[in-house]
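Student: What would the 3D arrangement of this be:
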Amino acid sequence: MRRISSLDNGYVTGGLSLFPAALDDKDSLYEARNNAETRLRSGLSYNSRQVVVESTEGFPDKGLVRVGPPAGKSGEAELIYYGLKTDSVLKDLTRGFAGSKQNQWPSGSWVTNAVTAEPHNAVKDAIINIQRTVGLSKLPEDGSLNRRLKDMELRYLAPKALLRAYPRLYKLGTPIRFQSLCEGDVVRYFWEFGDGGQSLEENPVYSYAREGAYTVRLHIITASGSQGISKKLNYITASLDENVPFFYATRVSGRTYRFVDQTDGQVTQRFWVLGDGTKHEEADPNVHEYVHTYAGSGSYKPSLLVGFASQSVKRVFLNDDLEVE
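Tutor: Numbering: from 1, shown residues only. Purely as a prediction, here's the structure:
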């Protein structure tokens, strides 16, 4: 298929290219056909209002011509814009166009194209196609190479919002120190402590007012604008007394895991919730372990309800989700 040309019938303004500052059209491009040339049939004086030539065949209906030496030869020449033509006359002239010197020209002087639109449009089309394929530095189009690279950068090179806190199991009123372990040029920190409390400090100190298990989040923004977030489910457990429940899980084999409770105090019973719909009530306070096999792979949130002799019941989760393969 032949490439569309601005000389074709039906050419629509901007059909080939669109420069950010101006829309190309036939008038502003002064379109001309390559290698069109003729000679003056009558001399051209300073005051001439038309250019009489041997033939206007090959020249567009309006545009620019160069009067002077033949194409490819050096020497003084004048650019003339014409707005109308007949078979042998160019009319509606603008003499000395684009800063060229208006002059007198004898009969037989060469009249050639001064500007060709197609190379101009071809180059601009190529540039715009490159921009669309590679992508601009700002707001690159979807599907462009630059957009794909930016998406990969956000996915694989996004900053890691690492955090830790001490103590995690504590009696109400004790201050907890939160610490950011983030690397890189972090310019903004935003902590959410799970009870509505927030902080913009890098390493804040915070105290909880009520008992409960709290999920902590840390949002960070780097100097390049990249963002990272870390979330730790039920990371902090606050209690009125020292008997704060705590358990951990170890993999036995395959999808089988051993859950071990290490809660201090006068425990009367335990109720295991394994995150896959399985529940197990252990009435013997001396049995601290429970072994469970998951039916399928996935991410699970096991928890433990611990009953105490004081008739209080507390629930605790693992620090992180259990990833079963």
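
Student: My read is that Arg270 contacts Leu305, right?
Tutor: Yes. Proximity of Arg270 to Leu305 meets the contact threshold set by CB atoms under 8 Å, at 7.1 Å. All C-beta atoms are positioned from the backbone trio N, CA, C, and that covers glycine.

Student: which of these two has more neighbours?
Tutor: Arg270 (24 against 16; other CB atoms under 10 Å).

Student: show me the contacts for the more buried one.
Tutor: Residues counted as contacts of Arg270 (CB atoms under 8 Å, 6 or more residues apart in numbering) are Asp261, Glu281, Glu282, Pro285, Val287, His288, Tyr290, Leu304, Leu305, Val306, Gly307.

Student: again with Lys314
Tutor: Thr237, Ser239, Asn243, Val244, Pro245, Leu305, Val306, Phe308.

Student: Restricted to strands, list those.
Tutor: The strands, defined by DSSP state E, take in Thr237, Ser239, Leu305, Val306, Phe308 from the contacts of Lys314.

Student: returning to what we had before: of the contacts of Arg270, grab the buried ones for ChimeraX.
Tutor: Per 16 or more other CB atoms under 10 Å, the buried members of these correspond to this ChimeraX selection:
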select :261,282,285,290,304,305,306,307
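
Student: ok, the contacts of Arg270 vs Glu57, which is closest?
Tutor: Nearest to Glu57 out of those is Leu304 (CB to CB; 94.7 Å).

Student: and the closest one, bridged to which residues?
Tutor: Taking DSSP bridges as the rule, Leu304 bridges to Trp272, Val316.

Student: how much space between it and Gly275?
Tutor: Leu304 is 11 Å from Gly275, where distance means CB to CB, to the nearest Å.

Student: still on that earlier bit, which one of the contacts of Lys314 has the most neighbours?
Tutor: Most neighbours among those, by other CB under 10 Å: Pro245, with 25 neighbours.

Student: Can you name the residues that contact it?
Tutor: Listed by CB under 8 Å, 6+ apart, the contact set of Pro245 reads Thr237, Asp261, Thr263, Leu304, Val306, Lys314, Arg315, Val316.

Student: Now do the same for it: its pLDDT.
Tutor: Note on Pro245: pLDDT of 80.

Student: ok, now Ala295?
Tutor: On the pLDDT scale, Ala295 gets 94.

Student: for it, helix, strand, or coil?
Tutor: Using DSSP: H, G, I helix; E, B strand; the rest coil, the structure places Ala295 in coil.

Student: So what does it look like in phi/psi?
Tutor: As for Ala295, its main-chain torsions (degrees, to the nearest 10) stand at phi -70, psi -30.

Student: Use 300 as the first number for this chain going forward.
Tutor: New numbering, starting at 300: the last item is Ala594.

Student: nearest residue to it other than its sequence neighbours?
Tutor: Using CB to CB, 6 or more residues apart in numbering and skipping residues adjacent in sequence, the residue nearest Ala594 is Asp575, 6.9 Å away.

Student: same check, this time on Val566
Tutor: Among residues not flanking Val566 along the chain, Pro584 sits closest, at 4.8 Å (CB to CB, 6+ apart).

Student: which residues sit in contact with the one you found?
Tutor: Going by CB under 8 Å, 6+ apart, Pro584 touches Val566, Thr567, Gln568, Arg569.

Student: now the helix or strand that contains the second one against strand 602-607, angle please.
Tutor: Going back to what we said before, that points to Thr567. For Thr567, the enclosing helix or strand under DSSP states H and E is strand 566-572. With axes from the mean of the first three to the mean of the last three CA atoms, to 10 degrees defining the directions, strand 566-572 sits at 160 degrees from strand 602-607.

Student: starting at the chain centroid, how far to strand 566-572?
Tutor: Centroid displacement of strand 566-572 relative to its chain, using CA atoms, centre = their mean, to the nearest Å, is 49 Å.

Student: and if you look at stretch 527-540?
Tutor: Its chain's C-alpha centre and that of stretch 527-540 lie 33 Å apart, by CA atoms, centre = their mean.

Student: Only alpha carbons, please: show it as CSV.
Tutor: Taking C-alpha atoms only, stretch 527-540 is exported to CSV below (Å, rounded to 0.1, in the frame of the first residue of the first chain):
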residue,chain,number,x,y,z
GLY,A,527,5.7,1.7,48.7
ILE,A,528,3.5,0.3,51.4
SER,A,529,3.8,-2.3,54.0
LYS,A,530,1.0,-3.8,56.0
LYS,A,531,1.3,-6.1,59.0
LEU,A,532,-1.9,-7.7,60.1
ASN,A,533,-2.6,-7.7,63.9
TYR,A,534,1.0,-6.8,64.4
ILE,A,535,0.6,-5.1,67.8
THR,A,536,-1.3,-6.7,70.7
ALA,A,537,-2.3,-4.4,73.6
SER,A,538,-3.5,-5.8,76.9
LEU,A,539,-4.4,-4.6,80.5
ASP,A,540,-2.2,-7.4,82.0
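
Student: What residues sit buried inside that stretch?
Tutor: Quick answer for stretch 527-540 (16+ other CB under 10 Å): Gly527, Ser529, Lys531, Leu532, Asn533, Tyr534, Ile535, Thr536, Ala537, Ser538.

Student: Fine by me, we can end here.
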